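S.K.: sequence and predicted structure below; questions after.
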Amino acid sequence: MLPNNFAPWNTVCFYYRKWKNEGVFEELLDYVRNEVRKQAGKDESPSAANIHDSQSAYNVISNLKWRFSRLKKIFADGGYRGELIEKVYKSFGWIIDIVLRSDSNKSFEILPKRWVIERTFA
């Protein structure tokens, strides 16, 4: 149910679908991200990324080329080891940096770089 001060549901649904299909939400989120990064004193385009889905990682990574021109390094967990690292380097010149936890430590530990990414997405 929509709040009482919204337009009728079919109008809201129409514009939501229209704007989603036209990429308006993506564009808006990109703009907000860039503004937040500028206010934080950072470049608009991040230079590192974290990828979650190992099954479609290459497809996701290939889309980053057009969105983040300064990208040089991608931080990932152990699920991304293997041929993906070489394929991404050959295709785009980007380094996939695998961040692993120590096998000797069975308790929680903060991992360098990964903690920043996990905190950001939390």
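M.R.: Perfect, I can see it now.

S.K.: which stretches of this protein have low pLDDT?
M.R.: Residues of the chain that meet the criterion pLDDT under 70 lie in 47-55, 105, 109-110, 112, 114-122.

S.K.: can you give me the strands in it?
M.R.: Along the chain, the segments classed as strands by DSSP state E run 48-50, 73-76, 95-98.

S.K.: just put the ones you listed in JSON lines and tack on distance to F14 and mean neighbour count.
M.R.: Every C-beta, even on glycine, is put in place using the N, C-alpha and C of the backbone. As requested, the strands of the chain are exported to JSON lines (distance: least, Cβ to Cβ, whole Å; neighbours: other Cβ atoms under 10 Å):
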{"stretch": "strand 48-50", "distance to F14": "34", "mean neighbour count": "17"}
{"stretch": "strand 73-76", "distance to F14": "38", "mean neighbour count": "20"}
{"stretch": "strand 95-98", "distance to F14": "42", "mean neighbour count": "16"}
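
S.K.: including distance to E22, could those strands go into JSON lines?
M.R.: Rendered in JSON lines, the data for the strands of the chain read as follows (distance: least, Cβ to Cβ, whole Å):
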{"stretch": "strand 48-50", "distance to E22": "25"}
{"stretch": "strand 73-76", "distance to E22": "29"}
{"stretch": "strand 95-98", "distance to E22": "32"}
